[in-house]
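In: The following comprises the amino acid sequence and a computationally predicted model.
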Amino acid sequence: MISAEHGAARNSFNVCIHRGTQQIGGTCIELSCQGERILLDLGLPLDADETDPVTLLPPISGLHSPDPSLLALVLSHGHADHWGLAPHAGTALPIVMGAATRRILRAAAAFVPRAVPLGTESEGTPDLEDRKTIHLGPFAITPFLVDHSAFDAYALLIEANGRRLFYSGDIRAHGRKAALFERLVSNPPRPVHTLLMEGSSLGRLGPGQLFPTEGEIEKRLVERFRPAGFVGICASAQNIDRVVSIYRACKRTGRTLVLDLYALEVLAATGNPNIPQAGWPNLAVYVPEYQRRHIKRTERFDIVDRYKPHRIYREALGKLAARAVMLFRPAMLNDIDLLPGAWLGAQVIWSQWDGYLPSPANQAFQAKLAERGVTLEVIHTSGHASIVDLKRLAEAMAPDVLVPVHTFEGDRFSEIFGMNVCRRLDGEWWEV
Ligand SMILES: [Zn+2]
Ligand SMILES: [Zn+2]
């Protein structure tokens with residue numbers, strides 16, 4: 001391996017993508033300038049299931065034992081494929097992220113069994129804020145709030161030693177914050193010497209195909225919510241755009257959205273008063289049995305207390321069931337089993353990536369639904385830009401060099417984007 005400082009010319013800085021040139025997930029990028037370093041993301045690979053996460057840490061000085069030249073880890077957003085290895089680092093590395101991301105991760109951790117705390121309490125580290133430049137050693141970092149299925153997600157412009165690298169993070173143009181994408185491509189922060197751009201949709205979508213917009217998802221949900229009968233909808237509570245779509249579809253069809261404590265805590269952690277919360281019309285709080293036990297075990301009664309005035313219990317849920325939409329997880333099957341007749345005419349909608357469906361746990365879930373006479377229908381749109389939109393982004397940035405990241409199909413970048421693409425390898429050091 002070439003060392004971080006090998007060949008560093010004046011007017012340049014060095015980059016190593018430790019993971020991400022050949023895969024989606026597990027992203028980790030190290031930047032080095034004048035002997036100081038930062039990391040962009042430190043994700044858990046998607047295929048990491050049974051592996052000991054510590055063994056997956058990239059060979060970066062400062063992760064296993066302290067090294068003051070590693071200044072900080074900067075997280076583009078709160079998806080585990082971008083931060084999931086961070087809690088397994090053996091050192092107290094300062095972690096920079098959006099303030100809402102920090103609050104959401106902290107809120108979610110209360111519900112994860114054996115959660116490894118992520119330095120969510122980091123003091124003295126700046127937060128990422130849209131278009132507010134922060135400085136870490138020789139690096140000037142300007143975050144750009146982007147449209148993605150995670151709330152508070154950023155693309156990052158990094159400037160050091162007179163050179164500029166733009167990292168797209170995970171990005172799309174068809175969600176509820178599509179205007180952010182339009183703003184970025186109509187006023188790009190040029191010059192960009194190197195563009196590190198994600199390519200998740202390559203291999204999932206044809207070159208001219210588009211993903212449905214979040215607004216189209218809302219319309220489809222409205223159609224499904226019209227007929228009476230219980231609806232369970234499997235969506236990530238951290239996909240705030242989707243929760244908003246579900247809530248709006250409930251309002252338009254006179255249904256009540258039933259949320260559990262985890263979802264409510266995540267929604268509240270956004271700090272955004274325009275996002276559904278307890279006390280709103282067409283919204284009820286129900287604590288499923290497994291969650292009630294978890295709260296008891298962890299003694300987080302403060303969380304239950306917060307939602308007491310809005311909480312409904314089994315009997316009320318039974319009466320409401322035919323007009324309810326419940327943000328659903330397989331562990332909630334038993335709660336519905338206890339409501340007489342609730343499965344009659346019921347629908348369950350899978351509103352997240354269908355790539356999760358073949359897992360043994362989700363196969364078992366579908367089998368249990370089938371026993372109850374319910375089939376699973378997928379209504380979802382991607383958190384990632386279509387190829388058409390990626391092209392618009394690349395053309396707007398007009399980089400000297402385009403480097404593929406967060407993709408299984410980096411080899412197709414030059415054919416698709418028709419610009420100076422430089423394919424890098426995981427672990428290879430190169431110059432911006
Ligand atoms: Zn990702
Ligand atoms: Zn993501």
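Out: It's in. Ligands and ions are numbered 1, 2, ... in the order given.
In: Quick check: phi and psi at Phe166.
Out: phi -110, psi 120 (degrees, to the nearest 10).
In: ok, now which ones touch it?
Out: Taking C-beta atoms under 8 Å, 6 or more residues apart in numbering as the contact definition, Phe166 lies against Ala155, Leu156, Leu157, Ile158, Pro189, Val192, Thr194, Leu195, Leu196, Met397, Pro399. Heads up, the C-betas are built off the backbone N, CA and C, glycines and all.
In: Any idea which residue of the stretch 101-250 of the chain lies closest to ligand 1?
Out: Residue of the stretch 101-250 of the chain nearest ligand 1, by C-beta to the ion: Asp170 (4.4 Å).
In: Sorry, wrong one. I was asking about the stretch 1-150 of the chain.
Out: For the stretch 1-150 of the chain, C-beta to the ion, closest residue to ligand 1: Asp81, 4.3 Å.
In: Give me every residue in the stretch 1-150 of the chain that's in contact range of ligand 1.
Out: Asp81 (C-beta under 5 Å from the ion).
In: Could you list the low-pLDDT ranges of the stretch 1-150 of the chain?
Out: 1-10, 114-123 (pLDDT under 70).
In: residue boundaries of the helices in it?
Out: Per DSSP state H, counting those that start in this stretch, the stretch 1-150 of the chain carries helices over the ranges 80-83, 99-109.
In: from the stretch 101-250 of the chain, which residue is nearest to ligand 2?
Out: Nearest residue of the stretch 101-250 of the chain to ligand 2: Asp170, at 3.5 Å (C-beta to the ion).
In: Next, the contact list for that residue, please.
Out: Neighbouring residues of Asp170 by C-beta under 8 Å, 6+ apart: 76-77, 79, 82, 146, 148-150, 153, 198, 200, 383-384, 406.
In: likewise Leu85?
Out: Leu85 neighbours (C-beta under 8 Å, 6+ apart): Gly26, Cys28, Leu42, Gly43, Leu44, Pro53, Leu56, Leu57.
In: Let's see that with 7 Å instead.
Out: If a contact means C-beta atoms under 7 Å, 6 or more residues apart in numbering, then Leu85 has Leu42, Gly43, Leu44, Pro53, Leu56, Leu57 as its contacts.
In: repeat for Val185
Out: Arg392, Leu393, Ala396.
In: A helix includes the second one, no?
Out: Yes: checked against DSSP: H, G, I helix; E, B strand; the rest coil, Leu393 lies within a helix.
In: Identify the residue spatially nearest to the residue of the stretch 1-150 of the chain closest to ligand 1, adjacent ones excluded.
Out: For Asp81, ignoring the flanking residues on the chain, the nearest one in space by C-beta to C-beta, 6 or more residues apart in numbering is Gly25 at 3.6 Å.
In: From Trp353, how far out is the one you found?
Out: Remark: distance between Gly25 and Trp353 (C-beta to C-beta, to the nearest Å) = 12 Å.
In: Ok, Met397 next?
Out: 27 Å.
In: ok, His61 touching Gly90?
Out: Careful, residue 61 is Ser; it's not His. No: between Ser61 and Gly90 there is no contact under C-beta atoms under 7 Å: 11.9 Å.
In: Gly175: what secondary structure?
Out: Following three-state DSSP, we place Gly175 in the coil state.
In: Could you count how many residues lie near it?
Out: Gly175: 29 surrounding residues under other C-beta atoms under 10 Å.
In: For stretch 43-58, list the C-alpha coordinates in PDB.
Out: Listed next in PDB are the C-alpha coordinates belonging to stretch 43-58 (Å, rounded to 0.1, in the frame of the first residue of the first chain):
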ATOM      1  CA  GLY A  43     -20.300   2.500   7.300                       C
ATOM      2  CA  LEU A  44     -21.300  -1.000   8.000                       C
ATOM      3  CA  PRO A  45     -21.200  -3.100   4.800                       C
ATOM      4  CA  LEU A  46     -24.700  -4.400   3.800                       C
ATOM      5  CA  ASP A  47     -23.500  -8.000   3.800                       C
ATOM      6  CA  ALA A  48     -21.900  -7.800   7.200                       C
ATOM      7  CA  ASP A  49     -24.600  -9.900   8.900                       C
ATOM      8  CA  GLU A  50     -22.700 -12.400  11.000                       C
ATOM      9  CA  THR A  51     -19.300 -10.900  10.800                       C
ATOM     10  CA  ASP A  52     -17.600  -9.400  13.900                       C
ATOM     11  CA  PRO A  53     -17.800  -5.600  13.000                       C
ATOM     12  CA  VAL A  54     -14.400  -4.900  14.600                       C
ATOM     13  CA  THR A  55     -12.800  -7.100  11.900                       C
ATOM     14  CA  LEU A  56     -14.400  -5.000   9.200                       C
ATOM     15  CA  LEU A  57     -12.700  -1.700  10.400                       C
ATOM     16  CA  PRO A  58     -10.600  -0.400   7.500                       C
END
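In: List, one by one, the residues from this structure near ligand 2.
Out: So the chain meets ligand 2 at His79, Ala150, Asp170 (C-beta under 5 Å from the ion).
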